[in-house]
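Participant: After the sequence you'll find the predicted model.
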Amino acid sequence: MDRPSPRRVPLVVPECGLGEVPLAVSLWLVPCGATVLAGDRVLELVAGGVTIDLAAPVTGRLLTQLVEEDQPVTAGTVAAEFEAAA
């Protein structure tokens, strides 16, 4: 009997409305493999003097971090991938 593949859900950097102010990854708040609830803070971005927290899009597990701390990012960048809980 085939098991259904886990549902993978991306964490996408949103449009933050900061104009031309560059965004960068400040800090990962959870490690790869961690179990999270939808809405948990998982990634902190910084833009100038503004800190922006990104939340887990689903309840499940953080599979991969696709950006590193101090890396510049733009709106639309896929920062991580989650496995949704069944």
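Facilitator: That came in fine, so what should we check first? Residues are numbered from 1 along each chain as shown.
Participant: Show me the residue at the heart of this protein, geometrically.
Facilitator: Compute the mean C-alpha point of the chain, and by Cα atoms, centre = their mean the closest residue is L11, 4.1 Å away.
Participant: list the contacts for that residue?
Facilitator: V42, L43, L54, A56, P57, V78, A79, A80, E81, F82 (Cβ atoms under 8 Å, 6 or more residues apart in numbering). Backbone N, C-alpha and C define where each C-beta goes, glycine included.
Participant: After the strand or helix carrying T64, which helix or strand is next? Please name it.
Facilitator: Assigning secondary structure by DSSP states H and E places T64 in strand 60-65. Sequence-wise, the next helix or strand downstream of strand 60-65 (DSSP H and E) is strand 72-73.
Participant: I'd like the next helix or strand past that following strand.
Facilitator: Downstream of strand 72-73 (by DSSP H and E), the next one is strand 78-84.
Participant: Quick check: neighbours of that next one in the sheet, parallel or antiparallel?
Facilitator: When pairs are called by DSSP bridges, strand 78-84 turns out to pair with strand 8-12 (antiparallel), strand 60-65 (antiparallel).
Participant: circling back to that earlier point, just give the closest residue to the residue nearest to the centre of the chain, not the sequence neighbours.
Facilitator: Taking Cβ to Cβ, 6 or more residues apart in numbering as the measure, L11 lies nearest to A80, with 4.1 Å between them; neighbours along the chain are not counted.
Participant: go on, R41?
Facilitator: Nearest to R41 is D53, by Cβ to Cβ, 6+ apart, at 4.6 Å.
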